[in-house]
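J.: How does the following fold in three dimensions:
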Amino acid sequence: MKPGQRVPLIFALLSCLGFYYSDMSPSFVLNEVITRFIRDGVMVLALIIPIRAGMGINFSIVVGALCAQVGLILAVDFGLGSLSGILVMALVGMALSVVAGLVIGICLNRVKNREMITTIIIGFLATSIYQLIFMVGYGTLITPTNPEMMLSRGIGIRNMVDLEMFRNVLDTLWLFKIGRIEIPLFMILMVCGFALMIKYITMTRLGKKFQVVGESHEKALALGINVANVRIKAIVASTLIACLGHLFYILNIGMLNVYTAHMNTDIFSCAALMAGGATVIKARVRHGILGIFLFHTLFIVSPQAGQNIFGNPALGEYFRSFVAYGTIAFALILNARSLAPGSKKN
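T.: Numbering: from 1, shown residues only. Below you'll find the predicted structure:
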């Protein structure tokens, strides 16, 4: 069995077992899975293009998430309305994510074959800069217009920012109910639209360049492809998509944890993609869609299953963290084995 088939099968079995022992109703689980699909779907899809371009898992999608948060904070600070505020969030976030993607792409061109560890470090660095700006810079170098966002000392933004004016603005568009199941059709179509867009990109001339660069730099250079330029475009696209994906996530939550909302977006997105059968060298849209359902179904049912089996819900919570990191480790091990000298490629 191919590595891309083992991981989804394991997740499907664990999800079925967890659902059986959790005693949760199918409608509750399905509602929760749909909610997580519209929250995290676009962020998971943001990982696909860099993998196809041979750059591995782009853990710097955290930077795209930070760009979205900057746009959101500015919209709240200036007291913009719901639709105009969302438009400003998206435009500011997209502009910042394009610039950030260019910088990240240039950096990664200098560390070829070490992109994954580099993107992890870039994510940590961006987080530190972001926190410095909004913990210290806001109220000193930057003058706020909305004092309610600030800490009592007048320097730094509060940990939590209420997004009441933006909450459910998108989720309630074309909201249908079938029995106990709520279907936010607009947001589902948005996620599916991004999936189709990425699928279309992979079929275009640029998408073919991503594929050739991912297979062999020497082959790409022989065909006259500018490898460095293609790699930068892959990272820019990934960062831009991640920015919009995180914006959907925050608007669905309706509350912004200013300093920690972006954390682990890379880990959980990566784990969901790997759960769908992707590897660090091969990822498709179907891997992302399947992985979202498998990974989050297990996330939903495991705490209650742990409570019913062992009498301790904490075991389910620990298992969820184990699953997130274990999925990535398992996929990396299978990938390394498939690329080992003398092994057959799947």
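J.: What is the burial count for Q211?
T.: By the criterion of other C-beta atoms under 10 Å, Q211 has 14 neighbours. For every residue, glycine as well, the C-beta is placed using N, CA and C.
J.: The residue nearest to it when sequence neighbours are not counted: what's it in contact with?
T.: What sits nearest to Q211 in space, not counting adjacent residues and going by C-beta to C-beta, 6 or more residues apart in numbering, is R52, at 5.9 Å. When contacts are counted by C-beta atoms under 8 Å, 6 or more residues apart in numbering, R52 touches 202, 207, 210-211, 214, 234, 283.
J.: give me that answer again for 10 Å
T.: Going by C-beta atoms under 10 Å, 6 or more residues apart in numbering, R52 touches 198, 201-202, 207, 210-211, 213-215, 234, 281-284.
J.: Check I106 too.
T.: By C-beta under 10 Å, 6+ apart, I106 lies in contact with 228, 231-232, 235.
J.: hey, where'd the helices end up in the stretch 201-346 of the chain?
T.: Ranges of helices in the stretch 201-346 of the chain, per DSSP state H, counting those that start in this stretch, are 205-215, 217-222, 227-253, 265-275, 285-310, 313-339.
J.: Including neighbour count, pLDDT and distance to G18, could the contacts of I106 go into CSV?
T.: Output for the contacts of I106, formatted as CSV (neighbours: other C-beta atoms under 10 Å; pLDDT from 0 to 100; distance: C-beta to C-beta, whole Å):
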residue, neighbour count, pLDDT, distance to G18
A228, 16, 92, 45
R231, 26, 94, 39
I232, 21, 95, 41
I235, 30, 95, 36
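J.: Tabulate these (JSON lines), appending distance to W174.
T.: Formatted as JSON lines, the contacts of I106 follow (distance: C-beta to C-beta, whole Å):
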{"residue": "A228", "distance to W174": "43"}
{"residue": "R231", "distance to W174": "38"}
{"residue": "I232", "distance to W174": "37"}
{"residue": "I235", "distance to W174": "33"}
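J.: Quick check: of the residues you listed, which lies closest to R167?
T.: Distance to R167 across the contacts of I106 (C-beta to C-beta) is lowest for I235, with 31.8 Å.
J.: residues contacting that closest one?
T.: By C-beta under 10 Å, 6+ apart, I235 lies in contact with 49-50, 53, 55, 58, 60-61, 63-64, 100-109, 115, 119.
J.: Swap in 7 Å and give it another go.
T.: For I235, the contacting residues are 50, 58, 101, 104-105, 108, by C-beta atoms under 7 Å, 6 or more residues apart in numbering.
J.: just I38 next, same as before
T.: Residues counted as contacts of I38 (C-beta under 7 Å, 6+ apart) are 184, 187-188, 191, 248, 252.
J.: For the helix or strand that contains it, what is the distance to the chain centroid?
T.: I38 is part of helix 26-45, with elements assigned from DSSP states H and E. In this view, helix 26-45 has its centroid 13 Å away from the chain centroid, taken as C-alpha atoms, centre = their mean, to the nearest Å.
J.: Low-confidence stretches in this protein?
T.: Within the chain, the ranges that satisfy pLDDT under 70 run 1-4, 312-314, 316-317, 319-321, 323-324, 327-328, 331-332, 334-346.
J.: what about 50?
T.: 339-346 (pLDDT under 50).
J.: And the residue nearest the centre of it?
T.: Residue closest to the average C-alpha location in the chain (C-alpha atoms, centre = their mean): M43, at 2.9 Å.
J.: just checking, that residue touches C243?
T.: No: using C-beta atoms under 7 Å as the test, M43 is too far from C243 to be in contact (9.5 Å).
J.: now N58: how far from S97?
T.: Per C-beta to C-beta, to the nearest Å, N58 is found 12 Å from S97.
J.: show me the contacts for G93.
T.: Taking C-beta under 7 Å, 6+ apart, one finds 67-68, 70-71, 243, 247 in contact with G93.
J.: let's see 6 Å
T.: Neighbour list for G93: 67-68, 71, 243 [criterion: C-beta atoms under 6 Å, 6 or more residues apart in numbering].
J.: Give me the subset of the residues you listed that lies in strands.
T.: Counting by DSSP state E, these place none of their members in strands.
J.: among those, who's most crowded?
T.: Using other C-beta under 10 Å as the neighbour test, the contacts of G93 are led by C243, with 33 neighbours.
J.: tell me the contacts of that residue?
T.: By C-beta under 6 Å, 6+ apart, C243 lies in contact with 64, 67-68, 93, 97.
J.: Is it possible to get the contacts of I38 out as TSV so that each row also shows neighbour count?
T.: Conversion of the contacts of I38 to TSV gives the following (neighbours: other C-beta atoms under 10 Å):
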residue	neighbour count
P184	21
M187	25
I188	15
V191	22
F248	22
N252	18
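J.: between those, which is nearest G277?
T.: Set against G277, the nearest of these by C-beta to C-beta is V191 (18.7 Å).
J.: Could you report the distance from the closest one to V42?
T.: Distance, V191 to V42, using C-beta to C-beta: 6 Å.
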